[in-house]
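**Student:** got a structure for you, letters missing:
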C-alpha cells in the first residue's frame, strides 16, 4: 500500500467534508468517503480496516459529541442535531480509520509520538476548518476549544494506533509450520 496515496485520498475526503459542511452540503462527506472506503476495504487486507472503522467512528462520535454538547465546538451543517457530532465529521473519522494501518503506520509502537501528533495535528485541522471554511466555530473561545481538542486527541490517537496494531496482529495469518515470519 502506498502511504502517500492513502494520505492524499484521506485529505480529499477531509476537504470535501469541510467544504461541504461550510456550504450546507453535509452529504458530500459520506459521498467522498465511498470511493476511498471501497478502495481500502476492497483490498485483500481490507478486513482489518473494516474492523477498525466502527471503533474509530464510535471514538469520534464520543469526542466530537462531547465537544459539541459542552459548547466548546459548534459545527456547520449539524446533521442530525447541534449537540452531537454531525454526520460529515463522522465520515471524516471513518476515513481517518483507513489511515491508521497505512499512512500512519510509522506511529505503530510509538505511543508518545502518536499522542504528540494527535495533540498538535488535530487542533490545527480544526483551526483550519474554522478559519478557512467556517465549518466549525469555537463559541466559548479558541483557547479552551484547542486545549480540549489537544487533550482528547492526545488520548484518541495513541488509542487508535494501538487498536490498529492489535487488529493487524490478530488479522495476520500465522506462518505455516516450519516457515519463518518476517515482520
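**Tutor:** Arrived safely. All values reported here derive from a predicted model rather than from experimental measurement.

**Student:** so who does residue 17 touch?
**Tutor:** By C-beta atoms under 8 Å, 6 or more residues apart in numbering, residue 17 lies in contact with 28, 29, 32, 88, 89, 91, 92, 95, 135. Just so you know, the C-beta spots here come from the backbone N, C-alpha and C atoms, and that holds for glycine as well.

**Student:** got the buried residues for the helix or strand containing residue 153?
**Tutor:** Taking DSSP states H and E as the criterion, residue 153 maps to helix 142-171. Across helix 142-171, burial judged by 16 or more other C-beta atoms under 10 Å covers 145-146, 148-150, 152-154, 156-165, 167-168.

**Student:** which residue ranges form the strands in this structure?
**Tutor:** Secondary structure of the chain (DSSP state E): strands located at 74-75, 136-137.

**Student:** To residue 83, which of those lies closest?
**Tutor:** For residue 83, the closest of the strands of the chain is strand 74-75, at 9.9 Å, according to C-beta to C-beta.

**Student:** How far does the helix holding residue 153 sit from its chain's centre?
**Tutor:** How far helix 142-171 lies from its chain's middle: 9 Å, per C-alpha atoms, centre = their mean, to the nearest Å.

**Student:** for that helix, packing partners?
**Tutor:** helix 46-70, helix 111-133 (3 or more C-beta pairs under 8 Å, 6 or more residues apart in numbering; DSSP states H and E).

**Student:** rewinding a little: now, which of the contacts of residue 17 lie within helices?
**Tutor:** 28, 29, 32, 88, 89, 91, 92, 95 (DSSP state H).

**Student:** Using PyMOL, define a selection of the buried residues within those.
**Tutor:** Here is the PyMOL command that picks out the buried ones among those, judged by 16+ other C-beta under 10 Å:
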select buried, resi 28+29+32+88+89+91+92+95
